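J.: task: produce atomic coordinates for the following.
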Amino acid sequence: MDGAGYGPAGVTEPSLFDEPGAPGGSPTWTVAELAAHLGRVVAGAFPADLWVEGQIRNLSRAPNGHVYFQLTEPAEAGQPPRSQLAVTLLAPEKQHVNEQLKRAGGAVRMDDGIEVRIRGRIRWYGPRGVLQLRMHGIDPAFTIGRLHADRERILATLATEGLLDANASLAFPLVPLRIGLVTSRRSAAHADVLSELEASGYSFIVRDVDARTQGDECGPSVTRALHRLAADGVDVILLVRGGGARTDLAAFDSELIARAIAAMPVPVLTGIGHEVDRSIADEVAHRAHKTPTAAAADVVRALRTFLDRVDRRAVSVHRAGSSVATVARSRLDRRSIRLGRAAGVVLTRRSTQLDSAASRTARSATRQLATAAATLDRHAGTVARRAPAHLARAERALDGVEARLHAHDPQRALARGWSITTTSDGRLVRSPADVSSGTAITTRTAAGTIASTVTSTDPRPEATP
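T.: Numbering: from 1, shown residues only. Down below sits the predicted model:
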């Protein structure tokens with residue numbers, strides 16, 4: 001191709017390098033003519049197959065078997081691609097590509113986020129007006145090599161920071177009843193874990209959080225789920241996914257998920273369904289298992305181990321208690337016999353001593369009673385002899401008291417002309433100071449009483465005549 005061709009109506013086309021306005025004029029193209037021309041130019045510029053490497057984005061599989069995606073220059077997460085190329089894998093070539101992937105052991109599956117090296121031809125597709133790569137081959141070793149290189153780099157970084165053993169260093173709970181589950185809801189992995197826990201017969205409390213387990217959204221989705229469960233206070237977290245190609249599980253080799261697991265305050269058990277390789281998530285987790293069911297069985301086994309240990313301790317305590325009780329009963333029986341014998345001897349001795357003391361007490365009491373009776377008789381005679389004299393003296397003293405009482409009887413004083421003055425409340429009025437003006441007083445005489453009211457008082461004593 002020399003850069004010139006034929007334009008509309010058979011007119012010779014100017015070279016692509018001719019300046020606008022050059023001799024020959026500027027022909028008008030139809031869209032079909034221009035598209036056809038671009039197709040010839042592209043085919044001439046890229047006449048043979050070529051290999052292109054990049055990252056798959058926006059992959060879609062049409063019902064007719066064709067596959068479409070964008071091959072982009074890898075960029076940081078969340079950043080738009082710096083460049084991209086449309087790729088078409090037609091159904092006939094798709095079968096050939098699948099054969100290549102099968103020969104590689106099925107480790108690679110085309111999906112978003114996977115870096116690939118593919119073979120094809122650059123073509124201009126007029127019906128859509130796009131430049132595209134018609135793919136018809138793939139290099140699985142490239143993808144596997146990139147995955148391995150990224151994995152080794154991330155593992156080295158985590159090891160340097162001491163994060164590989166961070167979660168494994170946590171103590172596993174003795175009674176892991178509150179289970180956090182991170183997986184895709186309604187997936188086979190989700191069902192397997194719940195079935196295993198339910199079949200155990202234990203009352204597990206499962207807090208499950210739905211998360212993407214494949215593709216570009218897997219890392220952020222799993223990380224959010226882990227932090228959410230950690231905030232809910234679960235005892236242990238199960239991060240599980242069913243099997244698949246190595247590229248399907250590539251998200252679990254991400255540094256984002258690895259750091260999230262290392263930062264968890266509770267043990268994280270993985271059950272990522274691959275039999276050969278361990279993902280980075282497995283390396284960072286507290287314990288790794290080959291399947292979701294195995295991860296759930298590990299939790300069941302831990303709880304059963306604890307309960308078995310409790311049962312064994314209970315049996316041991318019961319046996320020890322029975323043995324101690326038997327020994328104690330034997331000792332008690334022997335001591336009861338010895339105590340009974342000793343008590344019999346002591347009671348016999350004390351009974352003999354009591355009988356002897358009773359006899360002595362009876363004899364002593366008889367003598368003391370006789371002595372007391374004699375003493376009482378003597379005192380009774382003395383009292384009988386002295387009583388008349390004492391009674392006579394008492395009668396004479398009583399007569400004297402009676403005479404004095406009679407001499408001081410107020411009635412006798414009233415009869416001689418004296419009077420007794422009291423206030424209304426019965427207090428004697430002995431001096432003018434005992435009353436005041438207006439005080440009601442009562443004067444008692446031999447002939448009767450006189451009620452009056454004080455009009456004035458004179459505390460001065462009257463002169464003696």
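J.: and the longest helix anywhere in the chain, what does it pack onto?
T.: In the chain, ranked by residue count with DSSP state H as the criterion, the top helix is helix 292-407. Applying 3 or more CB pairs under 8 Å, 6 or more residues apart in numbering; DSSP states H and E, one finds that helix 292-407 makes contact with helix 188-199, strand 236-241, strand 268-272, strand 287-289. In short, each C-beta sits where N, CA and C put it, glycine included.
J.: how about a cut-off of 10 Å?
T.: strand 178-183, helix 188-199, strand 236-241, strand 268-272, strand 287-289 (3 or more CB pairs under 10 Å, 6 or more residues apart in numbering; DSSP states H and E).
J.: with distance to Pro63 and mean pLDDT added, can I get these in a markdown table?
T.: Formatted as a markdown table, the helices and strands packed on helix 292-407 follow (distance: least, CB to CB, whole Å; pLDDT from 0 to 100):
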| stretch | distance to Pro63 | mean pLDDT |
| --- | --- | --- |
| strand 178-183 | 29 | 95 |
| helix 188-199 | 25 | 94 |
| strand 236-241 | 27 | 95 |
| strand 268-272 | 31 | 94 |
| strand 287-289 | 38 | 93 |
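J.: relative to Arg363, which of those is closest?
T.: With CB to CB as the measure, strand 178-183 is the member of the helices and strands packed on helix 292-407 nearest Arg363 (88.7 Å).
J.: quick revisit: nearest to Ala156 among the helices and strands packed on helix 292-407 would be which one?
T.: Ala156 lies closest, by CB to CB, to one member of the helices and strands packed on helix 292-407: strand 287-289, at 19.0 Å.
J.: looking at the chain, which helix or strand does the model trust least?
T.: helix 410-415 (a mean of 79; mean pLDDT, DSSP states H and E).
J.: for that helix, buried residues please.
T.: Along helix 410-415, no position meets the burial threshold by neighbour count (16 or more other CB atoms under 10 Å).
J.: packing partners of the following helix or strand past that helix?
T.: Proceeding N to C from helix 410-415, the next assigned helix or strand is strand 420-423, under DSSP states H and E. Under the contact definition 3+ CB pairs under 10 Å, 6+ apart, strand 420-423 sits against helix 410-415, strand 440-444, strand 449-453.
J.: CA-only coordinates of strand 420-423 in CSV, if you can.
T.: Written as CSV, here are the backbone C-alpha positions of strand 420-423 (Å, rounded to 0.1, in the frame of the first residue of the first chain):
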residue,chain,number,x,y,z
ILE,A,420,-56.2,29.7,156.5
THR,A,421,-56.0,31.6,153.2
THR,A,422,-55.3,29.9,149.8
THR,A,423,-55.4,30.9,146.2
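J.: what are the buried residues along that strand?
T.: Thr421.
J.: pull the residues that contact that strand.
T.: With contacts defined as CB atoms under 10 Å, 6 or more residues apart in numbering, strand 420-423 is touched by 410, 413-414, 427-430, 434-435, 439-445, 449-450, 452, 454.
J.: could you redo the last one with a cut-off of 6 Å?
T.: 428-429, 441-444 (CB atoms under 6 Å, 6 or more residues apart in numbering).
J.: redo the helices and strands packed on strand 420-423 as JSON lines? Include distance to Ala168.
T.: Below are the helices and strands packed on strand 420-423 laid out as JSON lines (distance: least, CB to CB, whole Å):
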{"stretch": "helix 410-415", "distance to Ala168": "118"}
{"stretch": "strand 440-444", "distance to Ala168": "111"}
{"stretch": "strand 449-453", "distance to Ala168": "115"}
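J.: could you chop this structure up by domain?
T.: Per the record, the chain has its domains at 1-45, 49-138, 163-303, by automatic domain parsing.
J.: nearest to Arg367, out of the ones you listed?
T.: Taking the domains of the chain one by one with CB to CB, domain 163-303 is closest: 84.8 Å.
J.: now do stretch 128-148, average pLDDT.
T.: Across stretch 128-148, pLDDT averages out at 86.
J.: how far away from the center of its chain is it?
T.: For stretch 128-148, the separation from the chain centroid amounts to 50 Å (computed by CA atoms, centre = their mean, to the nearest Å).
J.: could you do stretch 386-395 as well?
T.: 102 Å.
J.: swap in stretch 300-317?
T.: Centre to centre, stretch against its chain (CA atoms, centre = their mean), the figure for stretch 300-317 is 23 Å.
J.: in that stretch, which residues are buried?
T.: Result for stretch 300-317 [16+ other CB under 10 Å]: buried residues 300, 302-303.
J.: list of residues touching that stretch?
T.: By CB under 6 Å, 6+ apart, the residues outside stretch 300-317 that reach it are 174-176, 200, 202.
J.: what's the most distant pair in the residues you listed?
T.: Longest span within those, CB to CB: Leu174 and Ser200, 16.3 Å.
J.: out of the domains of the chain, which is the most enclosed?
T.: Most buried of these by mean neighbour count (mean count of other CB atoms under 10 Å) is domain 163-303; its value is a mean of 20.
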